[in-house]
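> What follows is a predicted structure for the sequence shown.
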Amino acid sequence: MDDLQKYVKENRELFEDSEPTEGHFARFEEKLGSQFDHHRLGMNRSFLLKIAAGLLILLTVTAFLFDFAAQKIRNFAQNNTSGKELQTELQEAVTYYDNAATNHLNKIQKLACCGQDSRKLYSMASGELDALDANATELKNTLKGNPDDERVQSALIRSQQMKETIMNNMIRQMKNAKK
């Protein structure tokens, strides 16, 4: 730091010169002007406003077209998926009741191992189950022809529920017969 202070003190007159030389600002402006004049675009304000208005109209039309197309796609998707979702839900319900009936039939078979009355009940349960399965198959075929018919869908669900109810009654009767 001492060397710096010594240098400043020795060359004080160079540091105290407060005004630039004559014509400095004019030369500076001339250099700036020559550098930026060739980059200037020859567009006027009205031309830029016309471009902005055109872009605004284009964006507005695009937004309306996009909204219209999105609405059409949304309606198409809702119409096509509503039936498929219902079919999926209906299939899940049928599968649930079929699995429950199979489990009940296995319980009936275990209970039917002993006694004459139990075997009769098992054969009756199997016959009822076969009749209900035939009814369900017929309802499924009807549903294929008209998949949106709520009455057929409801009848199919009730048929599956009835299958489970009959199996529960058979199990209850077999348990009572064993006692």
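Done, it's in.
> what's the longest helix belonging to the chain packed up against?
Longest helix of the chain, by residue count under DSSP state H: helix 45-111. Here helix 45-111 touches helix 116-145, helix 150-178, going by 3 or more C-beta pairs under 8 Å, 6 or more residues apart in numbering; DSSP states H and E. Quick note: C-beta positions are derived from backbone N, CA and C, even for glycine.
> quick check: angle from it to helix 150-178?
30 degrees (axes from the mean of the first three to the mean of the last three C-alpha atoms, to 10 degrees).
> State the mean pLDDT of helix 45-111.
In this model, helix 45-111 has an average pLDDT of 80.
> Find out how far it is from the centre of the chain, if you would.
Averaging C-alpha positions (C-alpha atoms, centre = their mean, to the nearest Å) puts helix 45-111 8 Å from its chain's average.
> what angle do it and helix 116-145 make?
For helix 45-111 against helix 116-145, the angle by the same axes, to 10 degrees is 160 degrees.
> For burial, what's the neighbour tally of residue 126?
Residue 126 has 15 neighbours, counted by other C-beta atoms under 10 Å.
> if you skip the residues just before and after it, what's nearest to it?
residue 105 (7.3 Å; C-beta to C-beta, 6 or more residues apart in numbering).
> Distance of the one you found relative to residue 158?
Separation of residue 105 from residue 158 (C-beta to C-beta, to the nearest Å): 20 Å.
> between the two, which one's more packed in?
Neighbour totals were compared for residue 105 and residue 158, and residue 105 leads with 18 against 12 (other C-beta under 10 Å).
> Could you grab the helix/strand/coil label for residue 19?
The assignment at residue 19 comes out as coil when based on DSSP: H, G, I helix; E, B strand; the rest coil.
> Before we move on, what's the pLDDT of it?
Model confidence at residue 19, given as pLDDT, is 71.
> Good, wrapping up.
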